[in-house]
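**Q** here's my sequence, what's the structure:
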Amino acid sequence: MASFPAGQWHNGATALRRYFGPVTAPTVDDVEGLWNAEIDAARVAGEEPYYKLLLEQYKMYTEMADRISARRGLTNTFFLTFNTTMFSAIAFFFKDTPHLSRGLLVFPLLGLLIQCLAWYWLLRSYRQLNAGKYVVVGALEQRLPASPYWRAEWAALGKGAEPSRYLPLTHIEQLIPMLFAATYLLGFIAVLIS
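**A** Modelled structure (predicted):
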């Protein structure tokens with residue numbers, strides 16, 4: 001058995017934590033560089049044009065954040081359709097061919113587990129991207145007369161910390177690839193045992 005130097009093991013464990021551990025959410029302090037100092041100085045000279053531009057940027061940016069959420073929904077639809085189709089195809093083809101080697105199931109199993117992992121990471125990436133976008137939305141709202149998302153809606157929902165008030169969809173979404181992966185593994189084990 002090969003032994004690994006302590007540093008390599010630590011790096012591997014760190015990499016696993018990075019990919020599977022909790023996601024840290026950015027804060028408004030992380031987007032300090034949002035504001036252009038030259039524009040802020042010019043703001044004093046003409047408040048109305050400044051706020052019109054700010055409102056336009058806010059509208060555009062919230063639309064971009066909404067599009068990221070729509071893409072996440074399309075990603076989920078694709079992977080749900082793919083997994084449902086694969087699950088049905090495996091059940092259909094292998095029920096009528098019991099003479100096939102069970103070892104052949106290893107190859108589709110590995111492919112399905114890899115795509116479940118890719119699905120999980122895509123959802124995690126979308127979650128991180130949306131978190132960053134909504135922090136910028138919050139920073140923009142600090143300069144607007146009202147803060148409907150950052151101070152009102154998100155606070156009313158308990159900032160996602162209280163599941164009884166609001167359970168963030170991304171937490172539920174990330175369970176689905178893991179459930180499919182567990183189903184594939186348990187199905188494979190059941191076929192090997194039978």
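**Q** now the strands: where do they sit in this structure?
**A** Secondary structure of the chain, counting by DSSP state E: no strands present.
**Q** which helix runs longest in it?
**A** Once the chain is assigned using DSSP state H, the helix that runs over the most residues is helix 47-95.
**Q** burial of I90, as a residue count?
**A** As a burial measure, I90 scores 18 neighbours (other CB atoms under 10 Å). To be clear about C-beta, it is placed using only N, CA and C from the backbone, and glycine gets the same treatment.
**Q** where does pLDDT dip in the protein?
**A** Counting by pLDDT under 70, the ranges of the chain that qualify are 1-25, 39-46, 97-100.
**Q** rewinding a little: to the chain's geometric centre, what's the distance from the longest helix of the chain?
**A** Taking the mean C-alpha point of helix 47-95 and that of its whole chain, the gap between them comes to 10 Å (CA atoms, centre = their mean, to the nearest Å).
**Q** likewise for stretch 108-126?
**A** With CA atoms, centre = their mean as the basis, the distance from the averaged C-alpha position of stretch 108-126 to the chain average is 12 Å.
**Q** could you do stretch 132-146 as well?
**A** In terms of CA atoms, centre = their mean, the centre of stretch 132-146 is set 21 Å apart from its chain centre.
**Q** show me which positions of it end up buried.
**A** Buried residues in stretch 132-146, counted by 16 or more other CB atoms under 10 Å: 132-141, 143.
**Q** likewise stretch 113-120?
**A** For stretch 113-120, by 16+ other CB under 10 Å, it's 113, 115-116, 119-120.
**Q** just the residues you listed: which are in helices?
**A** Among the buried residues of stretch 113-120, the members found in helices (DSSP H) are 113, 115-116, 119-120.
**Q** is it possible to get TSV of these that adds distance to R72?
**A** Listed next are those as TSV, based on distance: CB to CB, whole Å:
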residue	distance to R72
L113	22
Q115	17
C116	16
W119	11
Y120	13
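**Q** what packs against the longest helix of the chain?
**A** If you count contacts as 3 or more CB pairs under 8 Å, 6 or more residues apart in numbering; DSSP states H and E, helix 47-95 packs onto helix 37-43, helix 106-141, helix 175-193.
**Q** figure out which of the ones you listed is closest to E63.
**A** Between E63 and those, the tightest spacing by CB to CB is seen for helix 106-141, at 10.7 Å.
**Q** could I get the buried residue list for stretch 77-90?
**A** Residues of stretch 77-90 classed as buried by neighbour count (16+ other CB under 10 Å): 79, 83, 86, 90.
**Q** picking up where we left off before, deepest in the core, which of the helices and strands packed on helix 47-95 is it.
**A** Highest mean neighbour count among the helices and strands packed on helix 47-95 (mean count of other CB atoms under 10 Å): helix 106-141, with a mean of 17.
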